[in-house]
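Peer 1: Have a look; sequence and predicted model below, questions after that.
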Amino acid sequence: MEQPRLERRLAAILAADVAGYSRLTGADEEGTLARLRALRQELVDPVIAAHRGRTFKLMGDGRIVEFASVVDALRCALEVQRSMKLRSAKMAPDQRIEFRVGIHLGDVMVESDGDLMGDGVNIAARLEGIAEPGGIAISEDAYRQVQDKIAADFVDLGEQTLKNIARPLRVYRVDAGAGAAPSSAPVLALPDKPSIAVLPFQNMSGDAEQEYFCDGMVEDIITGLSRFKWLFVIARNSSFAYKGKSPDIRQVGRDLGVRYVLEGSARKAGNRVRLTGQLIEAASATHLWADRFEGPLEDIFDLQDRMTSSIVGAIEPALRTAEMRRAQTKPTESLDAYDCFLRALAQLYTATPSAYEELVTLCRRAIAIDSRYASAHGLAAFCLAVRIAQGWASNSESDRNEATTLANRAIQFGADDPTALWMGGFALDLAARDFDRALAAIERSLSLDPNSASAWAYCGWVRWHCGDGNSAIVDLQRAIRLSPRDPGAHLFKGGIAWAHFVQARYEEAINWTDMVLREQPRYVTGLRCKVSACGLLGRKEEASESLRLLLTLQPNATVTKLRELMPLKHAQNMDLYLDGLRKAGLPE
């Protein structure tokens with residue numbers, strides 16, 4: 001009699017169990033089982049279902065799950081592990097329930113009752129056995145499917161010999177914290193108004209040189225959305241933490257604390273531009289709206305306006321079309337000037353002397369094409385002023401004069417341009433020490449765009465320069481909430497450190513500076529703060545070590561030089577700062 005043909009298929013297999021299960025049940029059997037049951041009902045089962053998984057085997061403290069896609073399997077594992085870390089953060093280590101997870105892509109045999117057998121299942125189970133508590137281990141076959149598709153860090157563990165598996169397999173450890181806020185970070189509550197993050201658009205031009213153009217489109221759309229005061233809009237820098245990745249939209253919503261996420265693409269071919277976008281409700285990953293906007297390059301600002309208005313209409317249908325106009329007029333009539341500005345803007349987040357030199361050159365080129373281009377004036381002024389404050393300028397007096405002139409023009413030409421106003425305002429603060437006009441310009445910027453994390457951050461910096469540390473902390477905390485994953489977050493936290501310093505809270509200043517220096521060890525502005533605060537508190541060894549690091553990064557630093565670089569309005573704050581530097585041992 002002919003045997004029935006055995007059914008086989010390729011499947012992504014996830015195996016998971018509880019690390020230290022015997023120890024947990026030995027200490028509190030009933031309590032552990034009750035907690036595990038609650039975790040399965042409230043977290044594990046719903047997340048598996050959401051990622052289209054099928055549990056085909058339960059084994060006491062463990063389970064084996066089938067997925068059609070490795071991407072789904074890994075996203076499921078990451079979501080469970082991240083959620084478990086948040087749930088157990090306040091528990092004693094010996095009481096925590098931690099899962100170990102293994103994932104493999106392989107051939108499996110299908111039993112009549114739906115059970116799966118074979119090496120595809122066995123390898124996943126063996127990978128789970130070598131995973132760390134709270135960790136994930138995946139095979140090389142699985143890794144090839146998720147590489148560049150998931151925002152996570154993969155660590156190559158080399159070839160591993162797994163029990164009862166004939167050949168060694170290359171294994172990767174997955175960092176469950178990558179692509180998400182650290183487990184120690186607070187869960188962000190949704191704001192009390194509609195909230196949105198705009199992810200980087202895909203460059204569909206087939207030309208890597210057009211990347212700056214796509215990024216510029218996103219920047220303009222974020223600016224357009226930010227003008228609606230009833231919207232909470234995440235800053236560009238935090239949105240761009242996902243650039244080059246394919247994150248789970250639900251995780252993006254949790255990471256950034258928003259209800260909606262916009263994805264899209266941009267294509268520039270010859271004289272034609274095409275923008276596409278889709279609006280997604282983050283919690284459910286439900287698509288609410290999708291559209292395409294296409295036209296000649298000279299209509300680019302109109303295309304951006306139409307996309308912004310459509311997004312707003314999808315979020316708040318009650319708004320009338322007349323109320324969806326962008327308040328901003330065209331930033332320039334010249335597409336060549338606009339192109340130079342976008343190229344410059346793409347360099348802004350690379351804070352090196354050479355990058356800023358190129359940036360200023362591009363802005364000057366844009367201004368030469370359109371002499372009243374407010375944003376270009378503001379960006380050039382901002383960069384020249386930062387060069388002065390960082391000690392990068394080869395001719396500080398020349399840079400100071402040019403920055404002041406450009407800042408004044410940015411504010412004059414850009415009375416309704418929030419970007420020109422905050423950039424020009426901060427340049428007046430650093431270069432001209434014109435604190436009152438600087439604050440007025442940035443406050444005007446915030447009245448036009450209350451969602452600008454950069455404007456709130458630099459408003460905070462000007463406030464502590466003026467000696468108002470308490471107000472500065474409020475503004476800087478607002479910036480952190482608007483851009484919780486900002487690659488420039490050290491500037492926000494560094495500002496808070498200095499705000500505590502001018503309020504004579506030196507211990508707090510050191511604590512915040514230490515936090516910043518753990519993330520950015522070469523942050524010289526933070527080192528200056530720590531050196532002076534340690535000097536004032538008489539912490540000689542700590543002051544000496546911090547001063548050694550500062551002089552390694554800034555060999556020409558002296559009390560006189562750092563006085564020139566520090567814009568402080570009140571003499572008593574300057575005297576205390578310099579006194580701390582002297583007590584720490586900085587030469588005069």
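Peer 2: Perfect, I can see it now.

Peer 1: could I get the helix or strand where V108 lies in PDB with only the CA atoms?
Peer 2: Assigned by DSSP states H and E, V108 belongs to strand 99-110. Presented in PDB, the C-alpha positions along strand 99-110 are these (Å, rounded to 0.1, in the frame of the first residue of the first chain):
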ATOM      1  CA  PHE A  99      12.100  34.700  28.100                       C
ATOM      2  CA  ARG A 100      14.900  33.300  25.900                       C
ATOM      3  CA  VAL A 101      14.000  33.200  22.200                       C
ATOM      4  CA  GLY A 102      15.500  31.300  19.200                       C
ATOM      5  CA  ILE A 103      14.400  31.800  15.500                       C
ATOM      6  CA  HIS A 104      15.300  29.800  12.500                       C
ATOM      7  CA  LEU A 105      14.100  29.600   8.900                       C
ATOM      8  CA  GLY A 106      14.000  26.000   7.600                       C
ATOM      9  CA  ASP A 107      12.200  23.100   6.100                       C
ATOM     10  CA  VAL A 108       9.500  21.500   8.300                       C
ATOM     11  CA  MET A 109       7.300  18.400   8.100                       C
ATOM     12  CA  VAL A 110       3.600  18.900   8.700                       C
END
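
Peer 1: check contacts around the closest residue in space to A285 that isn't next to it in sequence.
Peer 2: Spatially, and ignoring its direct neighbours in sequence, A285 is nearest to I249 (5.1 Å; CB to CB, 6 or more residues apart in numbering). The way it works is simple: take the backbone N, C-alpha and C, and place the C-beta from them, glycine included. The neighbours of I249, taking CB atoms under 8 Å, 6 or more residues apart in numbering as the test, are V261, E263, I280, A282, A285.

Peer 1: swap in H51?
Peer 2: F67, D72, A73, R75, C76, E79.

Peer 1: Report the secondary structure element holding the third one.
Peer 2: In this structure, A73 sits in helix 70-88 according to DSSP H and E.

Peer 1: sorry, back to before: quick one: which of the contacts of H51 is nearest D475?
Peer 2: Nearest to D475 among the contacts of H51 is E79, at 33.9 Å by CB to CB.

Peer 1: From R37, how far off is the closest one?
Peer 2: 20 Å (CB to CB, to the nearest Å).

Peer 1: coming back round to it: now a ChimeraX select for only the buried ones of the contacts of I249.
Peer 2: Typed into ChimeraX, the line below selects the buried ones among the contacts of I249, using 16 or more other CB atoms under 10 Å:
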select :261,263,280,282
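
Peer 1: The strand holding V108 pairs with which strands?
Peer 2: Note on strand 99-110: by DSSP bridges, its sheet partners are strand 7-18 (antiparallel), strand 116-117 (antiparallel), strand 136-139 (parallel).

Peer 1: Take those and lay them out in JSON lines including mean neighbour count.
Peer 2: Formatted as JSON lines, those follow (neighbours: other CB atoms under 10 Å):
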{"stretch": "strand 7-18", "mean neighbour count": "21"}
{"stretch": "strand 116-117", "mean neighbour count": "16"}
{"stretch": "strand 136-139", "mean neighbour count": "27"}
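
Peer 1: Okay, angle between the helix holding A73 and strand 7-18 too, please.
Peer 2: Calculated by axes from the mean of the first three to the mean of the last three CA atoms, to 10 degrees, helix 70-88 forms an angle of 10 degrees with strand 7-18.

Peer 1: pLDDT below threshold where in the stretch 1-150 of the chain?
Peer 2: 1-5, 89-93 (pLDDT under 70).

Peer 1: same thing but 50
Peer 2: 1 (pLDDT under 50).

Peer 1: Please identify which of E79 and R37 sits among more neighbours.
Peer 2: Neighbours per residue (other CB atoms under 10 Å) separate E79 from R37, with E79 holding more: 23 against 10.

Peer 1: so how far is K243 from that one?
Peer 2: For E79, the distance to K243 - CB to CB - is 21 Å.

Peer 1: Next: A432.
Peer 2: A432 is 35 Å from K243, by CB to CB.

Peer 1: which of the two has more neighbours?
Peer 2: More neighbours surround A432 than the other of A432 and K243, with 20 against 13 (other CB under 10 Å).

Peer 1: Was I right to think that one contacts E402?
Peer 2: No - with contacts defined as CB atoms under 8 Å, A432 does not count as touching E402, sitting 11.3 Å away.

Peer 1: Much appreciated, bye for now.
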